[in-house]
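Asker: Whatever this is, show me its structure:
(2 chains)
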Amino acid sequence: MKPFLAYLAKRLLQFAVVVFIGVNITYVITHSTPIDPVEQSVTAATSFGVTSPEAIEMMRASLRQLYGLEGSPVEQYLSFWRRVLVGDFGPSLSAFPTPVSTLIWRAMPWTVGLLLVSTLMTWIIGNLIGGLAGYHRRNRLLKLVGIVSMGIHPIPYYIVAFVLLIVFGFVWPVLPISGGAGMSADRGDTFGFALDVLVHSILPSLSLMAVGIGGWFMGMRALVSNIVTEDYVTYAELGGVGRRRILGSYVMRNALGPQVTGLALQLGAIFNGAIITEQVFGYPGLGSLLISGVNSGDYSLVLGITSVSIIAVSAAVLVIDLLFPLVDPRVEVR
Amino acid sequence: MRVMKLLMLAFAGLVASTAASFAQGTVSDLPRRETLILENPEGTIKNPGWFNIWAINAGGQYTGLHQLAMDTLWYIDPERGLDGSWQNSLAAEKPIYNADFTEMTVKLRPGIYWSDGVQFTADDLVYTVETQIKTPGMRWSALLALNVDSVRKVDDWTVVFKLKKPNSRFHALFTVRFNAIWMMPKHVFERAPDPLRFDFNKPVSLGAYTLYGYDPDGKWFVWQRRDDWQRTTLGRYGEPGPKYVAYVDPGPPDKRVIAQLNHDLDVIHDIAPEGMFTLAKQSKSLKTWFKGFPYGHPDPTLPAVVFNLQNPTFQNRDLRWALALLIDIRAVAMASYRGAATISAIAIPPTGTHPDDYHKPLQDWLAGFELDTGKEKIKPYDPTMGQQIAAMLRPSMGDQIPTDPAEIARSFGYGWWKPNPTAAAELLERAGYSKRGNAWTGPDGKPLSIKIMVEGDSRPVMTRAGTMIAQQWRQFGIDAKIDVAQGTNMLDRRGAGDFDTFIGWSVETYGGHPDLAFFLDSWHSQFVAPPGKTQSPRNWQRLSSPELDKLIEQIRTVSFEDPKTVELGRDYAKFMVREMPIIPLMAYNVFTAMDETYWTGYPTADDPYTDPVPNWGNSRLMMVRLKPTQP
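Answerer: Presented below is the predicted three-dimensional model:
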C-alpha cells in the first residue's frame, strides 16, 4: 500500500502544480487583454442614448470602484487567489453583480448533458465498430461503415453542422434548429421537458458524433488489427476459445488502453464547451458563455470558465492515471 | 467488454438525470396566432433573471423589457409616429423651461398605473431621480448628478427640476430616441436594501405588457398584454394586437432566415443583404420597410469614414477632401449593401424627417458649392448619384427599382461627390504631397499610408465598404490598408484614438426631429480628450473647431422647438461639407424582415408610423397597429 500512497501523493502534487500554473497563465492572459470591461459597460450604457462626456468620466470612476478594479496589480492578484481558493470567481463584469459561479453552474448542465452523452456515444460506437472492423476484416458491411465514418471525419465540423441544419431544419423540417428546449416547453412536466431537451439535442449531438466517430473507428481498428496477429490470440483461436470471448477479452480489452486515455482527456475538455456547436445550434452552455465573456471583456467570467476547464482536464488525467491498472492489468504501480 | 457495458449503463443514467436537472420554471404552450415573435439582437442573456434596467449592463434590455414594460416622460419617434413624431408619454405636455433654462417643469399624465395596481405619480419621478443621484454606478446617476440641483414634487402631477447650470436640452434625458431614463416604481425599489443589487424579478411594468415567463437559460422572454392596458400610456392609441409578445434569440443569420421561412420568427431584427435577398425571393409573406429594393430601414445613424484629427496627417483639409473625391460611392454602395444603401453627402442621416429638413433644402447649396484645388475651382457635387445607383440596379432588379425621382431620392438618397482623381491630385499637391512613380509621398518623403479600421465579420457591411474604399485609394497610389479590429477591440481603439480612420459613425440623430443637439453637443471642443487619453462619445474624430463650438453654443441657447435649430443644423451641415472632418457615406440600413403569416400592419415607408427595428424603445407603437392575419 505504501508505494501506492507515495504515488498518489506525487500525482496529487503534480495535479496541484498543473492547476496553479494553468490558472496563473490564464490570469495573465485575460488581464493582458487590451479590452477594458469598464469601457464595455460604458459603451453599453451610452449607446444610442443621450451622452455627456463629463457624465461618462463620472460613470467610469464609479464602475471602476464597483467592479473592484482599483488597487495595484499585486493586490488584485492576491485577492483573486483568496477568492478562488473558496470557489468564488467574483462577480461577472458583464452581468454585474451576478457571481461568475452562478453563471457557470447555470450553463454547465447543458454542456455536460450534451457533450458527455455525445462524447460517450461517439466513443462507444467508434470503438465498437472499429474493433469489429479490425477483427472481422472481410465483413463488407463493416467496411462500408468504415468508409462512411472515415469519409465524414475529415470534413470541417461547421460544414457538417450546417448541412444537418439545412437538411433537418429547412428541407425536411422535422427537428428543432435552435436552443436547448422549446419556448413552449413546460419545465414543470419533467418527462415532457426531458423529451423536449432530448429532441433539441439530436442535431447538435448528431453533428458531433458524425465527425467524431471516424477518429475512434480508425484508432481502434488499427489497434485491433495489430493485436489479432499476436501469438496469444492465435493460440486462443487454436485452443478453441469462442470468437466473442477472444474479441471481448483478448483483443478489445487490450486495445482499450490508449482509447480510454483519449476518452478521459476528451471528457475533461468538455468543460470548455463545444463553442462551434453551441454557436451554430444556438445551444446554451459553457461555450456560448465563454464567447460572450470574451466579447464583452468580462475577464472574471473567462477566467472562471477556463479555470474550471483546467481543473477538469487535470482531474481527468489524474483519475485515469489512478484507474488505469483496472483497465489494463499489465500496468501496475511499483 | 465489461468496461463498455458499464459505460453504456452510465450513459443511460446520465441522459435521464441530465434532463431531469433542467426541470424548473414554467411557460405553458403559447397560442401561435396570438403570439408575436421578434428577434432580440442581444442574443442569449447571461443573466436572464435580472430586470433591474437601472443597473449598468447587468441583464438584458431589448428582451421586451425596455420596449414593453418601461415608460418615461416623452418619446421622439425616428419616423412619423402615430400622432406625430413627438409623443407626450408619461408627461401630459411638453417640457416647460424658464427663460434661462435653469428650471424645467413637468406636468404628468394622470390615470397611469403600474401592473401591480399602484398609480404612477410624481413620487415615482422624484424617486427615480433622487435614487440615481445618491447611488453612483446606476445607469443614469452621473447624468442626473451633473445636471440636477434639486427635484421637487409640487403635487401628484407636477414636478419641478432646478438645474445646476442652464441646459435647454435637459428633457432629452427623459425623451426616448432609442431609450431614456426609465421610471422606477418607488413602492417596489424603496423596499430593496440596495437598488444596485436588486434584481427586480418579477418586474412591475408601466407598459401595456407584463412579464409572462422567461427562459432560465436566457434564450427567450414572453410578455403578456395587461388586462388593464387602457391604464398605460399606449392605451390612448387603442388595444395592442398581440396577446403575447416573445423576444427570442434565434441564432446566427442563416438560422434567422430559416426560422422566418418556417414562419417561426415574425420579425428579424437585422440580417446581411444576402439574407434579405433570399427572403425576398423565397418568402411570399415577407414585408419590408421599402416595398422592394433596398428593403431595409435607414436608421438615424450615419456610417462615414471617420478621421483621427489628432493625427497630423489628417489635419489637412485638402487631404481629407482629396480622399473624399477618390471615393466612388456607387461602388461603395454596391460593395457594402449590394446597392441597397441610402447615400448622404451631408453629415446628417438621410432618414425620418431629415431629408425634408436638410437634404432637400440643401440641394441648391450643394450644387453650387465650389472647391478650390489650388489650380482650379470645381463643383464636386453630383446630384444624380442616387439615380445612377438605381439605374445600375435596374437591369438585375427590374420592377423593384423605383422610377419616380422623388421615390429614388427617398430610397437611394440624393447626390454625392463625383469621383475626380485630377482634383484629388491637385489637392494633395497643395497639401505638400507628390507622386513618385505610382505612389504618393508626403512632405517628409515617406509614402502616404492610411489604415482603415473595420470590424471584420462583426459588421460585414461596413467592412465591405472600408475594403472598397481602401481599394479605390490604393488604385490612386495611396498605401491604404484594412485594419481589422473586432467588436470590443474596436470599441477600445476607437475610444483611445488608436486608429488612422475607421468606418463607423459619430453622427446619430433623432430621425423624427430636426434638433441635432442629441449628438452635436458632445462635439464641443471642451470634451475633446488629449492624444492618448480616452475620448468620450461621440466625437470619435476628436474634432476641435472654434467655428463649430460657436454653432453648438448657439444651439444651447435656443429651445429645441425653435425653428432656429433647423437653420443652425443647416449651418452645421455646410461646415461639415467645407471642412470634411468625416466623409459621410450613407444611412445605416437595417434589414428588418417582417413576416405576415400571423400578423399584419407592420410599419413601412408607405405607412411610417414608427421604426420597425424591434430593439428600439419606440417599436412599442407596432403593438397597437398589428392585427392578426388569421382569425
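
Asker: Please report how far B:Ser411 lies from B:Trp599.
Answerer: 25 Å (CB to CB, to the nearest Å). Any C-beta I mention is one placed from the backbone N, CA and C, and that applies to glycine too.

Asker: ok, A:Ser118 - contacts?
Answerer: When contacts are counted by CB atoms under 8 Å, 6 or more residues apart in numbering or on different chains, A:Ser118 touches A:204-205, A:208-209, A:212.

Asker: Recalculate using a threshold of 10 Å.
Answerer: A:201, A:204-209, A:212, A:270, A:274, A:277 (CB atoms under 10 Å, 6 or more residues apart in numbering or on different chains).

Asker: Now narrow these to whatever sits close to chain B.
Answerer: Checking these against chain B by CB under 10 Å from any CB of the partner chain, the ones in range are A:Ser201.

Asker: so which two of the contacts of A:Ser118 are the farthest from each other?
Answerer: Maximum pairwise distance in the contacts of A:Ser118, criterion CB to CB, is 16.9 Å, between A:Leu206 and A:Ile270.

Asker: Tell me which of those two has more neighbours.
Answerer: The neighbour comparison of A:Leu206 against A:Ile270 (other CB atoms under 10 Å in any protein chain shown) goes to A:Ile270, with 23 against 17.

Asker: Next up, the contacts around the closest residue to the more buried one other than its chain neighbours.
Answerer: Excluding its sequence neighbours, the residue lying closest to A:Ile270 (CB to CB, 6 or more residues apart in numbering or on different chains) is A:Leu115, at 3.8 Å. Counting by CB under 10 Å, 6+ apart, A:Leu115 touches A:122, A:204-205, A:208, A:266-267, A:269-274, A:277-278, A:285-287.

Asker: Tell me the spacing between A:Leu115 and A:Met121.
Answerer: 11 Å.

Asker: ok so B:Gly43 is a strand residue?
Answerer: No: assignment of B:Gly43 by DSSP: H, G, I helix; E, B strand; the rest coil gives coil, placing it outside any strand.

Asker: What about it, how many residues nearby?
Answerer: When counting by other CB under 10 Å, one arrives at 21 neighbours for B:Gly43.

Asker: how near is the residue nearest to A:Ile270 to chain B?
Answerer: Distance of A:Leu115 to chain B, computed by CB to the nearest CB, to the nearest Å: 11 Å.

Asker: Same check on A:Val23?
Answerer: 22 Å.

Asker: What strand or helix carries that residue?
Answerer: Counting by DSSP states H and E, the element that carries A:Val23 is helix A:2-32.

Asker: Name the residues of that helix that come out as buried.
Answerer: A:15, A:18-19, A:22-23, A:26-27, A:30 (16 or more other CB atoms under 10 Å in any protein chain shown).

Asker: Can you verify my assumption that B:Asp328 contacts B:Ala465?
Answerer: No: counting by CB atoms under 10 Å, B:Asp328 does not reach B:Ala465; the two are 11.8 Å apart.

Asker: residues bridging contact with these two, i.e. touching both?
Answerer: Common neighbours of B:Asp328 and B:Ala465 (CB under 10 Å, 6+ apart) are B:Ala335.

Asker: So between these two, which is more surrounded?
Answerer: B:Ala465 (28 against 18).

Asker: Skipping its backbone neighbours, what lies nearest the more buried one in space?
Answerer: B:Ser336 (3.8 Å).

Asker: Dump whatever helix or strand that neighbour lives in to PDB, keeping only the CA atoms.
Answerer: Using DSSP H and E, B:Ser336 maps to helix B:329-337. Taking C-alpha atoms only, helix B:329-337 is exported to PDB below (Å, rounded to 0.1, in the frame of the first residue of the first chain):
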ATOM      1  CA  ILE B 329     -19.900  56.000 -53.700                       C
ATOM      2  CA  ARG B 330     -21.700  53.800 -56.300                       C
ATOM      3  CA  ALA B 331     -19.000  51.100 -55.900                       C
ATOM      4  CA  VAL B 332     -19.100  51.500 -52.100                       C
ATOM      5  CA  ALA B 333     -22.900  51.200 -52.100                       C
ATOM      6  CA  MET B 334     -22.700  48.100 -54.300                       C
ATOM      7  CA  ALA B 335     -19.900  46.500 -52.300                       C
ATOM      8  CA  SER B 336     -21.400  47.200 -48.800                       C
ATOM      9  CA  TYR B 337     -25.100  46.800 -49.200                       C
END
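
Asker: how far does whichever helix or strand comes after it sit from the chain's center?
Answerer: For helix B:329-337, the following helix or strand on the C-terminal side (DSSP H and E) is helix B:354. On the basis of CA atoms, centre = their mean, to the nearest Å, helix B:354 sits 15 Å off its chain's mean C-alpha point.

Asker: Ok, stretch A:28-38 next?
Answerer: Taking mean C-alpha positions (CA atoms, centre = their mean), stretch A:28-38 and its chain are 24 Å apart.

Asker: That one close to chain B?
Answerer: Yes: with CB under 10 Å from any CB as the criterion, chain B is reached by stretch A:28-38 at A:33-38.

Asker: B:Lys255 touches A:Val280, doesn't it?
Answerer: Yes: using CB under 10 Å, B:Lys255 is in contact with A:Val280, at 8.3 Å.

Asker: so what's in contact with the two at the same time?
Answerer: Contacts common to B:Lys255 and A:Val280, judged by CB under 10 Å, 6+ apart, are A:162, A:165, A:177-178.

Asker: For A:Arg106, give me its contacts.
Answerer: Contact analysis of A:Arg106 by CB under 10 Å, 6+ apart lists A:98, A:284-286, A:289, B:46-49, B:216-218.

Asker: and the gap between it and A:Leu195?
Answerer: A:Arg106 is 22 Å from A:Leu195, by CB to CB.

Asker: same question, A:Arg64
Answerer: Going from A:Arg64 to A:Leu195 by CB to CB gives 48 Å.

Asker: do the same with B:Asn615
Answerer: If you go by CB to CB, the gap between B:Asn615 and A:Leu195 works out to 33 Å.
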